[in-house]
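>>> Provided below for reference: sequence and predicted model.
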Amino acid sequence: MMAFLGTVLVGLVVGLIARAIKPGDDKMGWIMTIVLGVLGSIAASYVGRAMGLYQPGQAAGWIASVIGAIVLLVIYDMVRRKS
């Protein structure tokens with residue numbers, strides 16, 4: 001249970017930082033911000049492992065997680081704009 005709460009807290013912080021760094025109006029609530037942060041961290045871990053930066057089972061760092069969340073936020077905005 002504590003691991004889940006830690007994941008949610010890290011996702012919230014990473015999502016908030018990503019939304020603050022990326023310019024523009026991001027209309028999403030707390031839940032989507034948490035999902036954005038968690039998915040950004042997962043994406044950064046996966047890309048880092050593919051590049052040989054992280055070992056299997058090792059999580060991405062804060063900076064990589066924020067960069068992953070920003071990339072996902074840009075993709076989310078592009079998809080939302082087309083709709």
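On my side now, so go ahead.
>>> Mind telling me what element the residue nearest the centre of the chain is part of?
The centre of the chain sits closest to G40, judged by CA atoms, centre = their mean, with a distance of 2.3 Å. Following DSSP states H and E, one finds G40 within helix 30-50.
>>> Buried residues, that helix. List them.
Buried residues in helix 30-50, counted by 16 or more other CB atoms under 10 Å: 33-45, 47-48. Bear in mind the C-beta positions are built from the backbone N, C-alpha and C, glycine included.
>>> so who does L12 touch?
By CB atoms under 8 Å, 6 or more residues apart in numbering, the residues touching L12 are 30, 33-34, 37.
>>> Show me what the helix holding G40 is packed against.
Counting contacts by 3 or more CB pairs under 8 Å, 6 or more residues apart in numbering; DSSP states H and E, helix 30-50 packs against helix 2-21, helix 62-82.
>>> Dump the C-alpha coordinates for the last one into PDB.
Once side chains and other backbone atoms are set aside, the C-alpha atoms of helix 62-82 remain, and they are given as PDB (Å, rounded to 0.1, in the frame of the first residue of the first chain):
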ATOM      1  CA  TRP A  62      13.500  12.800 -11.400                       C
ATOM      2  CA  ILE A  63      14.800  14.700 -14.400                       C
ATOM      3  CA  ALA A  64      14.200  11.800 -16.800                       C
ATOM      4  CA  SER A  65      10.700  11.300 -15.400                       C
ATOM      5  CA  VAL A  66       9.900  15.000 -15.900                       C
ATOM      6  CA  ILE A  67      11.200  14.900 -19.500                       C
ATOM      7  CA  GLY A  68       9.100  11.800 -20.200                       C
ATOM      8  CA  ALA A  69       6.100  13.500 -18.800                       C
ATOM      9  CA  ILE A  70       6.700  16.600 -20.900                       C
ATOM     10  CA  VAL A  71       7.000  14.400 -24.000                       C
ATOM     11  CA  LEU A  72       3.700  12.700 -23.100                       C
ATOM     12  CA  LEU A  73       2.100  16.100 -22.400                       C
ATOM     13  CA  VAL A  74       3.100  17.400 -25.900                       C
ATOM     14  CA  ILE A  75       1.700  14.200 -27.500                       C
ATOM     15  CA  TYR A  76      -1.500  14.600 -25.500                       C
ATOM     16  CA  ASP A  77      -1.900  18.200 -26.700                       C
ATOM     17  CA  MET A  78      -1.400  17.200 -30.300                       C
ATOM     18  CA  VAL A  79      -4.000  14.400 -30.100                       C
ATOM     19  CA  ARG A  80      -6.500  16.700 -28.200                       C
ATOM     20  CA  ARG A  81      -6.000  19.500 -30.800                       C
ATOM     21  CA  LYS A  82      -6.900  17.100 -33.700                       C
END
